[in-house]
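**Q** Here is my input; please provide its structure:
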Amino acid sequence: MPTINDLYTTDLEDTIRGLLKKTGIPGCAIAIVKANEDAGWDEGVWTLGEAKKGVPVTPDTRFPLFSMVKLITVLAVHQVLSKTSYTFDTHLKTIIPEFKSPDKALEEGVTVADMCAHVSGLPAYFDVFQIGTSLEDILESVSKLHPTAPRRTTFQYGNLMFSLLGLIIERISGLSYPNYVKEHFLKPFGLDSAGFEDDELTAEGHWIDASGGGEMRGIDNGVVRSPATWPAGGLIMSIKDYAKYLKQLPSHPGYQFASTPSSSHPAFADISHFPYSSTIPTYGGGLYQMTYKGMEVHEHWGAFTGYRGLMVYVPGKKVGFGVFVNGDGGELVSTLIKMTLLERLAGGTVGPEEWNIRIGEDFLKRVAKITTNFPSIPSPLSSQNQTPLIGTFIAPGYSTWHLTPSNNLPTRPALTTIPILPQLWTKHVEPVFTAVKEGEYEGCFEVGLEGEVFYGAGFRAKVDGDKLLVYGLSGMGERVDVGKHPLVFYRESQEASEASKASEDLEGLLEKLEVE
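**A** The predicted structure is shown next:
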C-alpha cells in the first residue's frame with residue numbers, strides 16, 4: 001500500500017506546474033488523506049501558484065466548492081431527518097405541504113431520495129437563479145416549471161431540487177440553511193475557514209474569454225449573491241480544512257446513503273469528468289460512483305465560472321483527496337491528479353506525464369463530440385420579410401423577456417464563452433434573435449461585462465400563435481429529446497406588457513437611488 005509520499009511525488013508536482021503554466025491557470029491546492037494502522041490518518045497538503053495576482057496559494061486560501069457542496073447538503077439532510085419520523089423515502093409534499101407542480105405525478109410522488117439523485121423529472125432551468133433569489137423563491141418557481149421526463153426515468157443534473165433540500169433543512173430545524181450548516185456541520189467537523197461569504201483569503205477565479213484567444217480574466221465568486229444556490233454550491237473552504245473534512249467524511253452516518261447508487265449517468269462516461277471508468281458512472285446523493293482497475297471510487301466535481309474542484313474517496317484503500325483550482329479548464333489539472341493517484345493506488349505504472357498527454361488528447365476528442373463551432377448566422381430573409389420579436393414574453397416560474405427592436409439582429413453573432421449564470425455579475429443579459437424562417441429564429445444571449453459585450457448560449461425559437469417555443473435553454477438530461485420539450489413563453493397583451501415594463505423600470509430607478 002503506497003504512502004502519501006508515494007502518491008504525491010516530485011514528478012507529479014512538476015507535471016502539475018507545467019500544466020498550470022500551459023493553461024494559464026493561476027493556482028491550485030491539493031489534499032490527500034490516508035487511514036493508518038493506528039486508527040488515525042496521515043495527511044498531506046500542497047499548494048501551487050497564485051490565489052490572486054502577487055498572492056500565493058497557501059493552506060489557508062479559501063476556494064469555492066460549488067457542486068462538491070451537494071454532498072454536504074445531503075449529509076445535513078440525513079442529520080435533520082434522523083431527528084424525525086421522516087426518511088429519504090418520505091415525499092417532499094409531506095415535509096413541505098405547500099409544494100406544488102404543474103405535473104401532479106411529480107407533486108405527489110417525488111421523494112427526498114429522488115431529489116438527492118437528480119431523478120425528480122425536472123431539468124436544470126438555469127436562469128431561475130438570480131441575484132438575491134431565495135429558497136422560498138425556488139419553491140414558488142418550481143410550482144410553475146414543467147418536468148421534461150417522468151420521475152425516476154432519467155438523470156437530469158441540476159440545482160433546483162438541492163435548493164429545496166436546503167428548504168427541508170430549514171423547515172425541520174427552524175434555522176436558515178447556512179446557519180444550520182455552520183452550527184451542526186462545520187463546527188462539529190472543526191472547519192473554521194468554511195462559510196458562505198467571500199473574504200480577503202478567498203482565491204480569485206479566472207474565466208476563459210474564448211473570443212480573446214483564450215485569455216484568462218479575473219472574476220469573483222458570483223454564487224455568493226444568490227442564496228438559493230448555496231445548498232447546491234455555496235460553501236467556501238480552505239484546503240487545510242478540506243483535509244479535516246475528508247478524514248471525517250466516511251464515518252458520517254449519512255455517507256452510506258450518499259455513496260449508494262440511486263441513478264446512473266451514462267453520458268458522463270464519455271466526457272471530461274469520468275474518463276477511464278470501467279463501469280457506467282452512478283449517482284447516490286451528492287456523490288458519483290465509478291470503478292478504476294477494480295477499485296470502487298466515490299467522487300464529485302465542482303465547476304463554475306472561474307473555478308474547478310474535485311473530491312475523491314477510495315473506500316477499499318481508505319484514501320481520500322481534494323483538488324481546488326482557480327481557473328477555467330481546471331478539470332485538466334484535477335483529472336491529471338485523480339488518474340495519477342488512482343493509478344498508483346491500483347499498483348499501475350502509467351506516470352503523470354503520460355496521463356497529462358493522454359488526458360489532454362482525450363479531452364479535446366470528447367469536447368469535439370459535444371460542441372460545435374458556432375459561427376455567425378446571417379438571416380437569409382430580406383429585411384422586409386423579417387418579422388421582429390417585439391413585446392413581453394413570460395415563461396412562468398422561469399423568466400420574463402421584454403423584447404424591443406434592439407433584441408432583433410440581422411445576423412446572429414458568432415458565439416463565444418460567457419460566464420455560467422451571467423446574471424450573477426451583470427444586469428446586461430439580453431436575449432437576441434435573428435429570423436431564419438417565417439416565425440423561426442436563431443438566438444443567443446448578449447452579455448455586457450466590464451465594458452465589453454459577449455455573445456453566447458445559443459438557442460432556437462419558434463412562434464406558435466401567442467406562444468414562443470424556445471429550444472436549448474432548459475438544461476435537460478442527455479437522454480431527453482430537446483425537440484419535444486421546448487421552454488414555453490407566453491406573449492403578454494400590449495397593455496399589460498407596458499405596465500409590467502414601467503413597473504420594472506421604476507424598481508430599477510429606486511434601486512439606483514438607494515445605491516446613490
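**Q** C-alpha from now on. contacts and neighbour counts both.
**A** OK.
**Q** Please tell me how far the residue in the chain sticking out farthest from the centre sits from Thr23.
**A** Distance to the chain centre peaks in the chain at Gln384, reaching 42.5 Å (criterion: CA atoms, centre = their mean). Distance, Gln384 to Thr23, using CA to CA, to the nearest Å: 47 Å.
**Q** if we can go back for a sec, can I take it that the residue farthest from the centre of the chain is in a helix?
**A** Yes: Gln384 forms part of a helix when assessed by DSSP: H, G, I helix; E, B strand; the rest coil.
**Q** mean confidence score for stretch 50-63?
**A** Per-residue pLDDT values over stretch 50-63 give a mean of 98.
**Q** Pull out the buried positions in that stretch.
**A** Of the residues in stretch 50-63, those buried by neighbour count under the rule 16 or more other CA atoms under 10 Å are Glu50, Ala51, Lys52, Pro56, Val57, Thr58, Pro59, Asp60, Thr61, Arg62, Phe63.
**Q** That one: how far from the chain's middle?
**A** Centre-to-centre, stretch 50-63 and its host chain are 23 Å apart (CA atoms, centre = their mean, to the nearest Å).
**Q** contact partners of it?
**A** Residues from elsewhere that reach stretch 50-63 (CA atoms under 8 Å, 6 or more residues apart in numbering): 26-29, 45-49, 193-194, 201-204, 236-240, 324-326.
**Q** would you list every one of the helices in the stretch 251-400 of the chain?
**A** 255-259, 330-345, 352-370 (DSSP state H, counting those that start in this stretch).
**Q** sorry, that was for the stretch 51-200 of the chain
**A** Assigned by DSSP H, counting those that start in this stretch, the helices in the stretch 51-200 of the chain fall at 69-81, 92-95, 104-109, 112-116, 135-142, 160-173, 177-181, 187-189.
**Q** thinking again about what came up before, mind putting the helices of the stretch 251-400 of the chain into JSON lines with distance to Tyr157?
**A** What follows is those, written out as JSON lines (distance: least, CA to CA, whole Å):
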{"stretch": "helix 255-259", "distance to Tyr157": "16"}
{"stretch": "helix 330-345", "distance to Tyr157": "18"}
{"stretch": "helix 352-370", "distance to Tyr157": "17"}
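**Q** and these, which is most packed in?
**A** When the helices of the stretch 251-400 of the chain are scored by mean count of other CA atoms under 10 Å, the highest mean neighbour count falls to helix 330-345 (a mean of 23).
**Q** Backbone dihedrals for Ile96, please?
**A** phi -120, psi 90 (degrees, to the nearest 10).
**Q** give the contact list for it.
**A** Ile96 sits next to Ile168, Arg171 when contact means CA under 8 Å, 6+ apart.
**Q** Now do it, the pLDDT please.
**A** Looking at Ile96, the pLDDT reads 99.
**Q** can you check Thr23 too?
**A** Per-residue pLDDT puts Thr23 at 92.
**Q** sorry, back to before: most packed of the helices of the stretch 51-200 of the chain?
**A** Neighbour counts (mean count of other CA under 10 Å) averaged over each of the helices of the stretch 51-200 of the chain peak at helix 112-116, with a mean of 25.
**Q** what residue ranges in this structure score low on pLDDT?
**A** Within the chain, the segments meeting pLDDT under 70 span 210-213, 265-275, 366-373, 494-516.
**Q** Domains in it, by residue range?
**A** Listed domain ranges for the chain are 4-53+60-74+171-370, 377-515 (source: automatic domain parsing).
**Q** Nearest residue to Lys34 in space, please, no chain neighbours.
**A** Distances taken as CA to CA, 6 or more residues apart in numbering place Val319 nearest to Lys34, at 4.4 Å, with adjacent residues excluded.
**Q** Dig out what that neighbour forms beta bridges with.
**A** Bridge pairing for Val319 (DSSP bridges) gives the partners Lys34, Val314.
**Q** from memory it sits against Tyr313, does it?
**A** Yes: the criterion here is CA atoms under 8 Å, and Val319 meets it with Tyr313 at 5.9 Å.
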